[in-house]
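>>> sequence first, predicted model second:
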Amino acid sequence: MAAVDVIGLTAERAAAMLRAGECSSEELAGAYLERIEVFDPALHAFLHVDPEHTLAAARVQDQSGNVGLAGVPIAYKDLLSTKGVPTTAGSKILEGFIPLEDADVVARGNAAGLVSLGKTNLDEFAMGSSTEHSAYGPTRNPWDQTRVPGGSSGGSAAVVAAGLAPWSLGTDTGGSIRQPAAFCGLVGLMPTYGTVSRFGVVAFACSLEQVGPMTLTVRDCALLQQVIAGGSERDATCVGLREPIVLPEPGRLDGVRFGVPWAELEDGVDPGIRERFDASLKLATELGAELVDVELPYARHGLAAYYVIAPAEASANLSRFDGVRYGLRVDGPDLRSMVEATRSAGFGPEVKRRIMIGTYALSAGYHDAYYVQAQRVRTLIRRDFDAAFGGVDAILLPTAPTTAFPIGSRMDDPLAMYANDIFTLPVNLAGIPALSIPNGLVEGLPSGLQIIGAAHTENTLLRFGAAFEQAIGFDSVPPALRGGAA
Amino acid sequence: MSAERIELGPDEVRHVAALARLGLDDAEVAQLAGELQSILGHVATISALPIADVPPTAHSLDVAGALREDVAKPGVTREQALANAPDPTVDGFRVPPIGA
């Protein structure tokens, strides 16, 4: 089998190689599987890989001629149901669970001819910002293996950064696509709420989460969004796209107005992150854009509102794990003690914390003070964004206030872990799209630039992202992977 | 990060755990009491905001739910439905007695 060099290979280029007959899908998948075998034992980015299954799927694509994106490999976050393939959500309570159906996004991937390389690691039920809360152990960052890849889609980020897959799907409930994309030097898109089907996504917080692409380039991001976005009969909250996703070309930004919420940057942002952010603001003006001061006075309350709303929804969603229909069961003398013992053994500490917060916030006597008050703040955050978008085309913020932090450094302080999502959470509360693109290195670690838009402005964000991408000129291959040794 | 003091003792933690059907041992109760006080203390920074007249947002979607034709479609078979069950019978999910 001819060796295909997949380091830094974009999905767009891989598809072109397949169409031109430069390699087969089987060879391409084989090249990734070889790298997975070499590098994944250290990175621990995959939870499930089945080489025979992958190669068989690749051969099917080779036989049907590899048109469009057909034959290009992909990795799926293990929160996405895959028919006949184990789906754990990173939790012991779903160990051994075999879904009866594919998630809509996986079915769309299959219909496009994408070939699954496997399922990627995540914080248990997508609750976390570091992938350390996976019941199956943490994933390591390919840029520095002593550090986290971010989370919750940390496995999906690490596999693309390490050249173990050309692209992947993640999910974003409070920053879980964008923050790991930023930590691993990738492009990540949180789509407008309701444009991508959530059918078959193991539910965490239904009003906040969307599936989205994690890729090496902005164009790959657009290509994968073309595959997964669209209405679904199986998700009543999925209304689809208002206009087709267009492949962006890099260009100038003449006449574009970018809002900068200066007050949000005043504290808690690492100096190196701030320096890279300011450098990109300067690039924007050099490309012809204008910077406009905007205010998002309620965005700073997003963290508090999010940590009521998301756990409240989670506590309801996770009530389905009761040891009766699927997953783990720990026996007990009666039904109630069986359910309590099962949930106690099956959920990890962070999931228990969130179920407890959510149950408390929804319990009699506290519902109005916590849950309804948080929903009012949600309204005000939406109004802040609406007002800002009255005068600007997009808002710029760092994706995260830090670069990837050392493994173990935040595990004893839940609030410090939550605070890493301070710039991403308000976007989920408002249901609007945001694109994170690599914004250069800070002391050898990637940082992210977040471009936030009004609902259904993905094409605009992708166009701006392509312009920044070309101007910034980021090299997405971690130095340690260049020579072949991780 | 400013925080309000929220009192949450072991009894209240056990009460919430019972509502959530979570079995917790004493060490977990003690640890969660401290953690929940700190998290809820931060969350309480929004309780004092004078926003009682603001309508709450449950969902960011402005359009009505997407509906499909009300036509029956094939579902899963009984065998499929029971395939992932930890203790299936021929035609159902077996559970321990409801009352001890």
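Cool, the structure landed. Residues are numbered from 1 along each chain as shown, chains lettered A, B, ... in the order given.
>>> would you list every one of the strands in the stretch 51-200 of chain A?
In the stretch 51-200 of chain A, the segments counted as strands under DSSP state E, counting those that start in this stretch are A:73-77, A:115-120, A:168-172, A:187-190.
>>> I'd like to know how far A:Phe277 sits from A:Thr82.
Separation of A:Phe277 from A:Thr82 (Cβ to Cβ, to the nearest Å) stands at 38 Å. The way it works is simple: take the backbone N, C-alpha and C, and place the C-beta from them, glycine included.
>>> quick one: residues contacting A:Leu481.
A:Ile7, A:Phe39, A:Pro142, A:Ala162, A:Gly163 (Cβ atoms under 8 Å, 6 or more residues apart in numbering or on different chains).
>>> okay, and it sits in which element?
helix A:479-482 (DSSP states H and E).
>>> can you tell me the centre-most residue of chain B?
Central residue of chain B (Cα atoms, centre = their mean): B:Ala20, 6.6 Å from the mean position.
>>> what strand or helix carries the residue nearest to it when sequence neighbours are not counted?
Closest residue in space to B:Ala20, ignoring its immediate chain neighbours: A:Thr359 at 4.2 Å, by Cβ to Cβ, 6 or more residues apart in numbering or on different chains. Assessed by DSSP H and E, A:Thr359 sits inside helix A:349-362.
>>> and the residue of chain B that's closest to chain A?
Of all residues in chain B, B:Ser60 sits closest to chain A, with a separation of 2.5 Å (Cβ to the nearest Cβ).
>>> so which residues of chain B form helices?
Here chain B has its helices, by DSSP state H, at B:10-19, B:26-43, B:78-82.
>>> most proximal residue of chain A with respect to chain B?
A:Gly431 (2.5 Å).
>>> and the nearest residue to A:Trp143 once chain neighbours are set aside, its phi and psi?
Ranked by Cβ to Cβ, 6+ apart and with sequence neighbours excluded, the top spatial neighbour of A:Trp143 is A:Pro478, at 4.6 Å. Dihedral pair for A:Pro478: phi -60, psi 130, per degrees, to the nearest 10.
>>> near A:Pro478, how many other residues are there?
22 (other Cβ atoms under 10 Å in any protein chain shown).
>>> I'd say it and A:Gly185 touch.
Yes. Counting by Cβ atoms under 8 Å, A:Gly185 is a contact partner of A:Pro478 at 7.3 Å.
>>> residues shared between the contacts of those two?
Shared contacts of A:Pro478 and A:Gly185, counting by Cβ under 8 Å, 6+ apart, come down to A:Trp143, A:Ala161.
>>> helix, strand, or coil at A:Pro446?
strand (DSSP: H, G, I helix; E, B strand; the rest coil).
>>> contacting residues for it?
Counted by Cβ under 8 Å, 6+ apart, A:Pro446 has contacts A:Trp143, A:Ala182, A:Phe183, A:Cys184, A:Gly185, A:Leu186, A:Thr403, A:Ala404, A:Pro438, A:Asn439, A:Gly440, A:Phe474.
>>> again, but for A:Gly175
A:Ser129, A:Met190, A:Thr399, A:Ala400, A:Asn420, A:Asp421, A:Phe423, A:Thr424, A:Leu425, A:Val427, A:Asn428.
>>> export those to CSV and tack on distance to chain B and neighbour count?
As requested, those are exported to CSV (distance: Cβ to the nearest Cβ, whole Å; neighbours: other Cβ atoms under 10 Å in any protein chain shown):
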residue, distance to chain B, neighbour count
A:Ser129, 14, 28
A:Met190, 12, 33
A:Thr399, 20, 31
A:Ala400, 17, 30
A:Asn420, 13, 23
A:Asp421, 13, 28
A:Phe423, 15, 29
A:Thr424, 15, 30
A:Leu425, 13, 25
A:Val427, 10, 28
A:Asn428, 8, 30
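>>> farthest pair in those?
A:Met190 and A:Asn420 (15.6 Å; Cβ to Cβ).
>>> before we move on, the earlier item: what about the helix holding A:Leu481, distance to the chain center?
23 Å (Cα atoms, centre = their mean, to the nearest Å).
>>> pull the number of nearby residues for the residue of chain B closest to chain A.
B:Ser60 has 21 nearby residues by other Cβ under 10 Å.
>>> now do the contacts for it.
A:Tyr193, A:Ser207, A:Arg378, A:Arg382, A:Leu429, A:Ala430, A:Gly431, A:Ile432.
>>> just the CA atoms of the biggest helix by length in chain A, as CSV, please.
Using DSSP H, we find that the single longest helix of chain A is helix A:25-43. The C-alpha coordinates for helix A:25-43 follow below in CSV (Å, rounded to 0.1, in the frame of the first residue of the first chain):
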residue,chain,number,x,y,z
SER,A,25,-9.9,5.8,0.3
GLU,A,26,-8.6,2.6,1.7
GLU,A,27,-5.0,3.9,1.5
LEU,A,28,-6.0,7.2,3.1
ALA,A,29,-7.9,5.5,5.9
GLY,A,30,-5.0,3.1,6.3
ALA,A,31,-2.5,6.0,6.7
TYR,A,32,-4.6,7.5,9.5
LEU,A,33,-5.1,4.1,11.2
GLU,A,34,-1.3,3.6,11.2
ARG,A,35,-0.8,7.0,12.9
ILE,A,36,-3.6,6.2,15.4
GLU,A,37,-1.8,3.0,16.3
VAL,A,38,1.5,4.9,16.9
PHE,A,39,0.3,8.1,18.5
ASP,A,40,-3.0,7.4,20.2
PRO,A,41,-1.7,5.3,23.1
ALA,A,42,0.0,8.4,24.4
LEU,A,43,-2.7,11.0,23.4
